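[1] Build me a structure from this.
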Amino acid sequence: MILAIEHTFQIDTRGIVNIIAHTTLKKEAEIHQEEDRKKKELIEIKNNAESVIYQAEKFLKDYTSKISESDKNDLQAKIDELKKAIDSNDLDKIKSNSSQLALTLQNIGGKMYNQEGNNNANQSDQNDQNDQNDNQDQNEESQNNNS
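    Predicted coordinates for the structure are as follows:
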């Protein structure tokens, strides 16, 4: 706690100076409130950034065989940039790089999803074609047996 003393000087009609002292106590936390808020924000932003890094590294590890080399390199570069930003304690840079990494991760995930959807559609088309061929073969056999 910090003791603050305010002095008020008053001169009365007789020319006598009266000094009035006002004392107030202020908590140190109140004095450093803005500084503490900034530190808290930095810690929260860093924690969120670390979480995005963890997700990106896990994604790389889990889906490495399904990701192109170009996307792997791009994702790893974004991870490295964000780690450097975290080390620099530059709040704006951490926010920006964290957003860029999350967006890159989302885009690569979207590519994988679309690619998987196309593979499933191709497989479904192939299965439909096989079913049609099987039905045609069965119809031909049935006609041959009836003749």
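[2] how about the helices in the protein?
    28-31, 33-62, 69-88, 91-146 (DSSP state H).
[3] Packed most tightly, which of the ones you listed would that be?
    helix 69-88 (a mean of 15; mean count of other CB atoms under 10 Å). Where C-beta positions appear, they are placed from N, C-alpha and C, glycine not excepted.
[4] got the angle between it and helix 33-62?
    160 degrees (axes from the mean of the first three to the mean of the last three CA atoms, to 10 degrees).
[5] other SSEs contacting helix 69-88?
    Applying 3 or more CB pairs under 8 Å, 6 or more residues apart in numbering; DSSP states H and E, one finds that helix 69-88 contacts helix 33-62, helix 91-146.
[6] quick one: contacts of that helix?
    46, 49-50, 52-53, 56-57, 59-60, 64, 67, 93-94, 96-98, 100-101, 104-105, 108, 111 (CB atoms under 8 Å, 6 or more residues apart in numbering).
[7] now that helix: mean pLDDT?
    Here helix 69-88 scores 96 as its mean pLDDT.
[8] cool, and stretch 45-60?
    pLDDT averaged over stretch 45-60 gives 96.
[9] Then stretch 9-23?
    80.
[10] can I have that stretch written out in PDB, keeping just the CAs?
    The C-alpha trace of stretch 9-23 is given here as PDB (Å, rounded to 0.1, in the frame of the first residue of the first chain):
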ATOM      1  CA  PHE A   9      -3.200  25.800   1.800                       C
ATOM      2  CA  GLN A  10      -5.700  28.400   2.800                       C
ATOM      3  CA  ILE A  11      -5.100  32.000   3.900                       C
ATOM      4  CA  ASP A  12      -7.700  33.400   6.100                       C
ATOM      5  CA  THR A  13      -8.800  37.100   6.400                       C
ATOM      6  CA  ARG A  14      -6.200  37.700   9.000                       C
ATOM      7  CA  GLY A  15      -3.300  36.500   6.700                       C
ATOM      8  CA  ILE A  16      -2.800  33.300   8.600                       C
ATOM      9  CA  VAL A  17      -1.900  30.300   6.500                       C
ATOM     10  CA  ASN A  18      -3.800  27.100   7.300                       C
ATOM     11  CA  ILE A  19      -2.400  23.800   6.000                       C
ATOM     12  CA  ILE A  20      -4.800  21.000   5.700                       C
ATOM     13  CA  ALA A  21      -3.300  17.600   5.000                       C
ATOM     14  CA  HIS A  22      -5.500  14.800   3.400                       C
ATOM     15  CA  THR A  23      -4.000  11.300   3.500                       C
END
